[in-house]
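Undergrad: fold the following, please.
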Amino acid sequence: MKKTILSALFCLLLLFLPAFSLTAETLLSTPHAYPGDILTAVVYQGEAGDEILFMLEDSNGTVRSNAPGLPFEMEELSGNSYIGLLGLNSDLKAGTYKLRAEIRNGRGLSVYERPVLIRSLDFKQEDIPLNQKMSSLRTDDSEARRDQARRLWALLNTRSAGGAPVKGVFLSPVEEFIPTTWYGDRRVYLYSDGGEAASLHNGLDMAAETGTEILTPMEGTVVMTENRIITGNTVVLEHLPGVYTLYYHMDSIAVKKGDELVQGDLLGTLGSTGLVTGPHLHWELRVNTIPVDPERYLSRPLIDKDEILAIINDTNEQGR
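TA: Numbers count the residues shown, from 1 in each chain. Okay, here's the model as predicted:
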């Protein structure tokens, strides 16, 4: 039902340039989205060398997501186009937000704004009892764990150079599995000493037997392979500048940092390393640091070429 509503409502709106502008720059974006989505923004027919920053601001002016404008080419598009992929976190409250594009070039600074409606979405809630060993892991405050967290965060804040080629749908990294925890689940960890802690689940947990193959869902570069305290054997792939997938709790790793992979390549095998209550793969998708729902992109393209073209053509036909 949600996908039907999204498809019916998905259209792009045009914001006009200031009267002094000499080019045909146009800001386009999806007017409606849900927490866990990727909000796609496009500057259409800009200038070569434009420097663009997209931002999503709440009613208080707080930036809740941002993305650089990446050069975006399709044979069907003339001129210079730029795309921004803004992740929408699961804790984003329903309401009207402001999409802002700041464009810097030889003519100075141009600013475009338009409203975006974020709709409400219900997420599951679960309590997770932990034994003493798992409780100790979860509350580990060692320098080693802090260092691992800092290095991963620094990696997710890094964007490789280049543009944004059109991307299709993800291949499921595990062919046959039982989903045990979903993106956005509201978790409460129940410690063995009676304490508890709340957290958001940022990915999809895919339960299967230890040793089950894990496949590359989309071409990308291996940017991390590491055995971490909480996430166990971990692999991180970069698919586009700032777009990463993460794989936790693996039993074995079959790739190394720097490997260039294609869809379907073997990453390793599923296991139960790190903080787990059973063998599973935790699969996570981060877009410019924001965790979004990877399951949604098993059925819809990461960058939907046909939809972007249809919306641009519709906008041009309306003459807006």
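
Undergrad: what about the strands in the stretch 1-150 of the chain?
TA: In the stretch 1-150 of the chain, the strands defined using DSSP state E, counting those that start in this stretch lie at 26-29, 32-33, 38-46, 51-57, 63-68, 70-72, 80-87, 95-105, 108-118, 125-129.

Undergrad: in the last one, what counts as buried?
TA: Looking back up the chat, that one is strand 125-129. By neighbour count on 16 or more other CB atoms under 10 Å, the buried set for strand 125-129 is Ile128. All C-beta atoms are positioned from the backbone trio N, CA, C, and that covers glycine.

Undergrad: will you turn the strands of the stretch 1-150 of the chain into JSON lines that also has mean pLDDT?
TA: Converted to JSON lines, those look like this (pLDDT from 0 to 100):
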{"stretch": "strand 26-29", "mean pLDDT": "78"}
{"stretch": "strand 32-33", "mean pLDDT": "89"}
{"stretch": "strand 38-46", "mean pLDDT": "85"}
{"stretch": "strand 51-57", "mean pLDDT": "95"}
{"stretch": "strand 63-68", "mean pLDDT": "96"}
{"stretch": "strand 70-72", "mean pLDDT": "89"}
{"stretch": "strand 80-87", "mean pLDDT": "91"}
{"stretch": "strand 95-105", "mean pLDDT": "93"}
{"stretch": "strand 108-118", "mean pLDDT": "91"}
{"stretch": "strand 125-129", "mean pLDDT": "91"}
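
Undergrad: Glu175 is nearest to which of those strands?
TA: strand 38-46 (24.4 Å; CB to CB).

Undergrad: what comes up buried for that closest one?
TA: Ile38, Leu39, Thr40, Ala41, Val42, Val43, Tyr44, Gly46.

Undergrad: correct me if wrong: the first one contacts Arg300.
TA: No. The criterion here is CB atoms under 8 Å, and Ile38 misses it with Arg300 at 9.6 Å.

Undergrad: can you tell me the closest non-neighbouring residue to Ala48?
TA: Leaving aside its sequence neighbours, Ala48 sits nearest to Asn80 (CB to CB, 6 or more residues apart in numbering; 5.1 Å).

Undergrad: ok, the one you found touching Asp50?
TA: Yes. Taking contacts as CB under 8 Å, Asn80 lies within contact range of Asp50: 6.8 Å.

Undergrad: if we can go back for a sec, the residue nearest to Ala48 and Ser272, how far apart?
TA: Using CB to CB, to the nearest Å, Asn80 is found at 49 Å from Ser272.

Undergrad: could you do Thr62 as well?
TA: 39 Å.

Undergrad: could you do Pro217 as well?
TA: Applying CB to CB to Pro217 and Ser272 gives a distance of 21 Å.

Undergrad: what about these two, which has more around it?
TA: The neighbour comparison of Pro217 against Ser272 (other CB atoms under 10 Å) goes to Pro217, with 27 against 17.

Undergrad: what's that one in contact with, if anything?
TA: Phe170, Leu171, Ser172, Pro173, Thr245, Gln263, Pro294 (CB atoms under 8 Å, 6 or more residues apart in numbering).

Undergrad: still on that earlier bit, for the buried residues of strand 38-46, which one is nearest Arg145?
TA: Distance to Arg145, by CB to CB, is smallest for Ile38 among the buried residues of strand 38-46, at 29.7 Å.

Undergrad: now do the contacts for the closest one.
TA: Per CB under 8 Å, 6+ apart, neighbours of Ile38: Leu85, Leu86, Gly87, Leu88, Val287, Val292, Tyr297, Leu302.

Undergrad: was I right about the fourth one contacting Pro291?
TA: No. With contact defined as CB under 8 Å, Leu88 and Pro291 do not form a contacting pair (9.8 Å).
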